[in-house]
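Novice: Just the structure for this:
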Amino acid sequence: MQTTFKDILLRENYNGNMITGDLPKILDNTLFTLIHLLGGFDTSDVINFARNANHREKKLLNKMVDDLHLYDKVGVRGFDKDSIVNSSRYRALTIFLKTIADTGGADSLMEQRSETDPYFDEYIKPEYKKLIFKQWDRLGNADWNVLKYFDIIGEDEAFDNVADVVYPLLVIEWLGGVENTDFAQGPWMETSEMGFDKLRFKVEPVRFDYLYDESANHGSRGYSCWDIRVLIDKDGDLGLPVNPEFINNDYLPFIQDLFPESNRNKLTSHRSYTEDQYELIESLWEHYDQYIGDFAGSFCRVEVVLV
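Specialist: Modelled structure (predicted):
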């Protein structure tokens with residue numbers, strides 16, 4: 001009977017995580033074994049990856065390891081090291097892991113798709129991408145219908161990997177980065193909603209975040225959203241008369257009271273804001289619908305900056 005990968009793990013009898021506690025035990029143990037059996041990366045790469053990667057990238061690494069089918073029943077052929085180490089999936093895994101380890105995670109990578117995205121080419125062949133870009137160059141816009149000429153068609157689901165992930169990534173790459181999107185180029189605006197007196201503000205994208213939907217294969221559900229920065233005039237105040245008797249050296253414009261220093265200048269989950277803070281953020285976000293266009297219509301992380 002041939003030795004399986006599971007046999008090797010059981011024989012090693014690992015006690016807890018062998019490399020880092022920042023990854024699930026089975027993933028940590030599997031990577032530790034792959035280092036010694038196949039190579040291509042080392043323990044420092046795994047430690048740096050775990051330190052730098054966000055939640056999406058860790059789940060993606062786990063999916064890439066699963067796709068090696070190390071724990072499948074392999075019959076008489078056993079664990080074939082040569083076929084795995086020479087496979088495109090293993091090469092993609094090592095490149096992805098080492099890139100995140102070396103660059104400092106997603107925030108240090110380009111905001112569009114990087115070459116470490118192992119699923120993108122499953123939807124669009126590299127040679128097709130060049131032709132799509134040429135057609136968009138000719139048209140002067142990122143026409144969605146061009147994808148149909150290359151048999152790239154969505155799945156008509158509530159969340160569609162093509163429409164909600166692949167197409168936005170293509171557009172961002174074609175434009176040369178998030179900073180060149182209509183959303184990023186949107187103007188400063190002014191609002192007197194919610195009782196404000198001509199509050200000046202700007203909402204701009206920081207990065208496009210996403211996860212491919214794998215729920216059909218009992219995997220994770222997909223998502224796409226924007227990490228955003230909300231710039232607000234630091235003197236923004238309510239349009240209400242203020243009794244001079246109540247104005248003293250401690251008086252703050254309402255916007256500074258709503259967003260104290262502890263809530264400023266850091267990119268954090270929208271859930272970390274209070275109900276009143278979130279209500280204002282959402283209201284300002286909605287003013288940019290026309291600039292967001294066909295991209296994700298929701299935001300995930302938010303940084304508030306008073307200027």
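Novice: center of the chain - which residue?
Specialist: residue 209 (2.6 Å; C-alpha atoms, centre = their mean).
Novice: can you confirm it is in a helix?
Specialist: No. The assignment for residue 209 by DSSP: H, G, I helix; E, B strand; the rest coil gives strand, which leaves it out of any helix.
Novice: burial of residue 54, as a residue count?
Specialist: 14 (other C-beta atoms under 10 Å). C-betas here are computed from N, CA, C, even on glycine.
Novice: Now for residue 281, how many residues are close by?
Specialist: Applying other C-beta under 10 Å, we find 21 other residues in the vicinity of residue 281.
Novice: ok, so what distance separates the closest residue to residue 27 other than its chain neighbours from residue 124?
Specialist: Sequence neighbours aside, residue 62 is the residue nearest to residue 27 in space, at 5.3 Å (criterion: C-beta to C-beta, 6 or more residues apart in numbering). As for residue 62, its distance to residue 124 is 24 Å (criterion: C-beta to C-beta, to the nearest Å).
Novice: And for residue 252?
Specialist: For residue 252, the distance to residue 124 - C-beta to C-beta - is 51 Å.
Novice: neighbour-wise, which of the two wins?
Specialist: Between residue 252 and residue 124, residue 124 has the larger neighbour count (other C-beta under 10 Å), namely 19 against 12.
Novice: residues touching the more buried one, list them.
Specialist: 132, 150, 152, 166, 170 (C-beta atoms under 8 Å, 6 or more residues apart in numbering).
Novice: Now, of these, which are buried?
Specialist: 132, 152, 166, 170 (16 or more other C-beta atoms under 10 Å).
Novice: least confident pick among these?
Specialist: Lowest pLDDT among the buried ones among the contacts of residue 124: residue 152, with 84.
Novice: quick one: that one from residue 120, how far?
Specialist: Counting by C-beta to C-beta, the gap from residue 152 to residue 120 is 11 Å.
Novice: got any residues that touch both of the two?
Specialist: With C-beta under 8 Å, 6+ apart, residue 152 and residue 120 have common neighbours residue 166.
Novice: about what we covered before: just put the contacts of residue 124 in JSON lines and tack on secondary structure and distance to residue 273.
Specialist: As requested, the contacts of residue 124 are arranged in JSON lines below (DSSP: H, G, I helix; E, B strand; the rest coil; distance: C-beta to C-beta, whole Å):
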{"residue": "132", "secondary structure": "helix", "distance to residue 273": "38"}
{"residue": "150", "secondary structure": "helix", "distance to residue 273": "42"}
{"residue": "152", "secondary structure": "coil", "distance to residue 273": "38"}
{"residue": "166", "secondary structure": "helix", "distance to residue 273": "31"}
{"residue": "170", "secondary structure": "helix", "distance to residue 273": "32"}
